[in-house]
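In: how does the following fold in three dimensions:
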Amino acid sequence: MNGFKIAVIGDKDSSVGFKALGLDVFPADSCEEAKPLLRRLAKDKETYAIIYITEELAGGIMDEINKHKDEVTPAIILIPSKNGTLGLGMSALTSAVERAVGSGVL
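Out: Here you go, the predicted model:
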């Protein structure tokens, strides 16, 4: 394999632009659709190093996301959807930095 890929899970309107950048896009309109997609993509550690998922979907499947928070790959990163941010991505980033350095720096 040449290298790792990046996946995007989100509603069609929020994720379609990432396809033009060469990322693998996996449309999901509900948490019920997103959860098995995340499981499948996260299990394929040799293919996907980063998985972007919209905050709206992530909010409903945090239990699944948290299963992978201490793993090196894939990095699961929450991004805003077309409707804007819910603050979940920044909260997750702050928590990760605190775990890494032992205190809040953001």
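In: number of residues surrounding D70?
Out: 8 (other C-beta atoms under 10 Å). Quick note: C-beta positions are derived from backbone N, CA and C, even for glycine.
In: Provide the secondary structure category for it.
Out: coil (DSSP: H, G, I helix; E, B strand; the rest coil).
In: now do V25
Out: The three-state label given to V25 by three-state DSSP is strand.
In: E64 contacts L38, correct?
Out: Yes - using C-beta atoms under 8 Å, E64 makes contact with L38 at a distance of 5.5 Å.
In: so which of the two has more stuff around it?
Out: When neighbours are counted by other C-beta under 10 Å, L38 comes out ahead of the other of E64 and L38, with 26 against 19.
In: that one belongs to a strand, doesn't it?
Out: No - counting by three-state DSSP, L38 is not part of a strand but helix.
In: can you pull the contacts of it?
Out: For L38, the contacting residues are 9, 51, 53, 61, 64-65, 76, by C-beta atoms under 8 Å, 6 or more residues apart in numbering.
In: V72 - how many residues pack around it?
Out: So V72, with other C-beta under 10 Å, has 8 neighbours.
In: and the gap between it and N66?
Out: 16 Å (C-beta to C-beta, to the nearest Å).
In: lowest average confidence, helix or strand, in the chain?
Out: helix 88-101 (a mean of 59; mean pLDDT, DSSP states H and E).
In: K5 and F26 touch, don't they?
Out: No - using C-beta under 8 Å as the test, K5 is too far from F26 to be in contact (11.5 Å).
In: thank you kindly, that will do.
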